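# okay, sequence plus prediction incoming.
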Amino acid sequence: MVLGEDIDTSRMPRPRGGLRDEMMIGRAEMVAAVRQWRHHKVAYDVDPDLSESLVDMEIDTEFPGEVLRQLPHPDPLFMLRKPAVIVDGSGAPSEVLGFIVVGRPAVRGVCSTTDITDDNPLYLVSALVRPAHGQLGSVLLFASAAAGTTTARKMVDDSVSMTELVEGGPRSAAAATLDYVRRLAVLAISHMLYLCSDRPDVTPTASAVTPNSGHRMSSRRTTVYQVGWRMGPAISAFNRKVQRLREHTVALGGSVLPHIRRGHLHTFLHGPRKAWRKVRWVAPTLVNAAAFGEDAQGVVIPVL
């Protein structure tokens, strides 16, 4: 189980104390994801302002589904500098500290994201969660990079469906639990899509050395990439200025008030005869900014 290999659950001894075998396998797959991550030790340090904007991005924009195959580094760990607070199935707030993305070669098991050769690549996302009153744990999600046109909403819904099917978890659970899984999926998939888009704000830093604990892989350096450290502050400054403009501007009778269009994915064609497609993440923008006149200058976020 710890190796994340295929498991015949019908041959497992029945768990004691009411602990379900699905929960046991879920914990084992978290361990398997961590073990897979240790082969490359890639970590993304995500800026809080960019992270909040990604979670809030438009989810109905169409783009090619295979974009998730463009993860720039194998088996990454996403570290949320500011934990995302999501209400769990019981109504209590829980903190999401980050998540690991690895490959999913079978119904049970893990592999590197670089080793997926299926026509319908499947990724396993293990989210690290700290409940309001409880021990640190994990929640497993799934993301598909199947070819064809899709949307972030469809990816999220597919992730929830696969979580129900493979893990037997929230299939018969309350709507609150399903909503919790859906919010986790939005968090993970939005961050993955940003890293897979064209020219994301990613900057390598000096690698940190993991203390040697006697294991031969423990001395491998962890490569940390800063994600959104330029874009995040720009988004924060943009939001502050728009708020000030709103507070000091007289209401415009009859016309559409200036408002922010949330960040979104945009597909554009390039290459010979425009035969190739790329996906770019467009930062939040001010719609009808001209209504603010010259005061609106300086609220445009540059596209990296």
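Great, that's in hand.

# any idea what residue 126 is bridged to?
Per DSSP bridges, the residues bridged to residue 126 are residue 100, residue 140.

# distance check, it against residue 143.
12 Å (CB to CB, to the nearest Å). C-beta coordinates here come from the backbone N, C-alpha and C atoms, glycine included.

# out of the two, which sits in the busier spot?
For residue 126 versus residue 143, neighbours defined as other CB atoms under 10 Å are more numerous around residue 126 (26 against 22).

# can you pull the contacts of that one?
Residue 126 makes contacts with 29-30, 33-34, 99-100, 102, 138-141, as judged by CB atoms under 8 Å, 6 or more residues apart in numbering.

# Validate this expectation: residue 260 resides in a strand.
Yes: according to DSSP: H, G, I helix; E, B strand; the rest coil, residue 260 belongs to a strand.

# list the contacts of the closest residue to residue 131 other than its chain neighbours.
Sequence neighbours aside, residue 94 is the residue nearest to residue 131 in space, at 4.7 Å (criterion: CB to CB, 6 or more residues apart in numbering). Residues in contact with residue 94 (CB under 8 Å, 6+ apart) are 85-88, 129-132.

# and of those residues, the nearest to residue 44?
Taking CB to CB as the measure, residue 129 is the one of those closest to residue 44, at 17.8 Å.

# was I right to think that closest one contacts residue 93?
No: judged on CB atoms under 8 Å, residue 129 makes no contact with residue 93 at a distance of 10.9 Å.

# what pLDDT does the residue nearest to residue 105 when sequence neighbours are not counted get?
Nearest non-adjacent residue to residue 105, counting by CB to CB, 6+ apart: residue 111, 4.6 Å away. For residue 111, the pLDDT comes out at 90.

# and residue 111, how far is that from residue 204?
From residue 111 to residue 204 the distance is 25 Å (CB to CB).

# could you do residue 71 as well?
16 Å.

# for residue 179, same thing?
37 Å.
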